[in-house]
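> got a structure for you, letters missing:
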């Protein structure tokens, strides 16, 4: 059974940093690529970043490029989203997902990130 368990969400002031974790079980990174997504109130879900394991390349949305970094620890089957220089508009529910070339197949439960001014 594919499971994705997220942790690390919470509240932070603008300009601060958070690191989100996504612990995967029931599959390995050879089976799926891991991506991070978010959904703000009243907005569509947005893809943020995704690590393509076949070429070890990370893809990022323009809205977070240069501020957010996705990296994976294959030894522990955990993927991280390092978020720096956070802005109030980054406030959203964040999800990790097991993907096929960054198209989501399985979702984590999601966690709230709130950035205050």
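Received, thanks. Being a predicted model, the structure only gives us computed values, none of them experimental.
> Residues contacting whichever strand or helix holds residue 4, please?
Per DSSP states H and E: residue 4 is located in strand 3-7. Here strand 3-7 makes contact (Cβ atoms under 8 Å, 6 or more residues apart in numbering) with 20-26, 94-98, 106-111. Heads up, the C-betas are built off the backbone N, CA and C, glycines and all.
> Distance-wise, check the closest residue to residue 15 other than its chain neighbours relative to residue 100.
Closest residue in space to residue 15, ignoring its immediate chain neighbours: residue 85 at 6.3 Å, by Cβ to Cβ, 6 or more residues apart in numbering. Noted for residue 85: a distance of 31 Å to residue 100, by Cβ to Cβ, to the nearest Å.
> From the contacts of strand 3-7, list just the buried residues.
Listed as buried from those are 20-24, 94-98, 106-108, 110-111; burial here means 16 or more other Cβ atoms under 10 Å.
> which among those gets closest to residue 79?
Distance to residue 79 across the buried ones among the contacts of strand 3-7 (Cβ to Cβ) is lowest for residue 22, with 4.7 Å.
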